[in-house]
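Chemist: prediction below, plus the sequence it came from.
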Amino acid sequence: MPYTPHVEQHFTGGLVVRDTVIGMSDGLTVPFALAAGLTGAVDSTTLVVTAGLAEIAAGSIAMGLGGYLAGKSDVEHYANERAREQLEIEQKPEVEAMEVAQLLQYYGLTPEQSAPVVEALRTAAEIGARRALVEPDLDLGRFVTNSDANYGKHKDPLIDELYTKQARAVEQEERKKYLRAFEKRLLDEEVHVFYTLQWHRIIPHNSKVKGWTITPSHYLNNQLDTVWLSE
C-alpha cells in the first residue's frame, strides 16, 4: 500500500494581512472624510478630487514609512534583547537556567519534568559555543596531502610541514606564526584553494514546490518548515 505523507499547510502571512487591514482602513477612511468635508465647504469638484488624491498619496507614504520604522524598531529591540540574554547566559548561567525552568513549569511541566529539559538545553548551548570556536586542526586538516577532503589533489610538503608545526606548537604566538604562513602558502603563493563569496545555493525550479523563498545563499534565511510539495 503506498504511503502518502501528511503535509500540514499553515498560513504564514499574518503580518501581511495585519498591515493590509490597517493600511486599507486608514487609507479608505481618511480620504472619504476629507472629501466629505471639502464637499460641504468648496464648490469645485476638481479641488475636492485633487485634495483626495493628494491625501491618498500622503497617507500611503506616511503608512509605509511608519510601518518601516516600526518594523525596524522591532528588529533592533529583538537584537538588543537577544544580545542581553546571551550575555546573561554567560555571566549568570544558574539564574538563566532557573528562569527557563520556571517558564516550563508555567506551561504545565513539573520540576522533575523540566529539570532534564533545562539540562539538555544547557548542554546544547555549551556544544554550540564550542563549535563556534575555530580549531585549526579541524578546519585546516582537509588541505594536507593525505586528506580525503583534499579535493584539489594538491601535494605540497611545505603545507604538510606547517600543519604539523602549528598542531604541535605550545605557545599561542608561535602557533599564529605557523598559521599565517600556512594561509599565505595555501591562498597566496601556490593558490591551492580559491575562495568565492558563494559556493552554491539550491533553488527548486518546479511548480510543485510551494513556500520556497529564494535567498542569497543556501545557508542564509531558509525556513524549510514552510516548504511543501503540492502533489
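Modeler: Arrived safely.
Chemist: C-alpha from now on. contacts and neighbour counts both.
Modeler: OK.
Chemist: show me the domain layout of this structure.
Modeler: As assigned by automatic domain parsing, the chain contains the domains 14-91, 93-133, 136-189, 201-231.
Chemist: redo those domains as TSV? Include mean pLDDT.
Modeler: Below are the domains of the chain laid out as TSV (pLDDT from 0 to 100):
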stretch	mean pLDDT
domain 14-91	78
domain 93-133	81
domain 136-189	89
domain 201-231	69
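Chemist: could you dump these into JSON lines and include mean neighbour count?
Modeler: What follows is the domains of the chain, written out as JSON lines (neighbours: other C-alpha atoms under 10 Å):
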{"stretch": "domain 14-91", "mean neighbour count": "13"}
{"stretch": "domain 93-133", "mean neighbour count": "13"}
{"stretch": "domain 136-189", "mean neighbour count": "15"}
{"stretch": "domain 201-231", "mean neighbour count": "12"}
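Chemist: so the residue of the chain most remote from its centre: helix, strand or coil?
Modeler: Here the chain reaches farthest from its C-alpha mean at Asp43, the gap being 56.0 Å by C-alpha atoms, centre = their mean. In three-state terms, and counting by DSSP: H, G, I helix; E, B strand; the rest coil, Asp43 is coil.
Chemist: how close does Leu158 get to Glu99?
Modeler: 53 Å (C-alpha to C-alpha, to the nearest Å).
Chemist: ok, Ala149 touching Phe143?
Modeler: Yes - when contacts are counted by C-alpha atoms under 8 Å, Ala149 is listed as touching Phe143 (7.3 Å).
Chemist: ranges for the strands of the chain?
Modeler: Counting by DSSP state E, one finds strands in the chain at the ranges 209-210, 228-229.
Chemist: among the ones you listed, which comes closest to Ala120?
Modeler: strand 228-229 (30.2 Å; C-alpha to C-alpha).
Chemist: the closest one pairs with which strands, parallel or anti?
Modeler: strand 209-210 (antiparallel) (DSSP bridges).
Chemist: how far is the partner strand from where the chain is centred?
Modeler: 21 Å (C-alpha atoms, centre = their mean, to the nearest Å).
Chemist: so how far is Ser25 from the residue nearest to Val49 when sequence neighbours are not counted?
Modeler: Take Val49 and drop its neighbours on the chain: the residue closest to it by C-alpha to C-alpha, 6 or more residues apart in numbering is Ala35, 7.4 Å away. Ala35 is 16 Å from Ser25, where distance means C-alpha to C-alpha.
Chemist: look up how far Ala115 lies from Gln102.
Modeler: When Gln102 is compared with Ala115 (using C-alpha to C-alpha), they lie 10 Å apart.
Chemist: do Gly59 as well
Modeler: 53 Å.
Chemist: check Met24 too.
Modeler: For Met24, the distance to Ala115 - C-alpha to C-alpha - is 49 Å.
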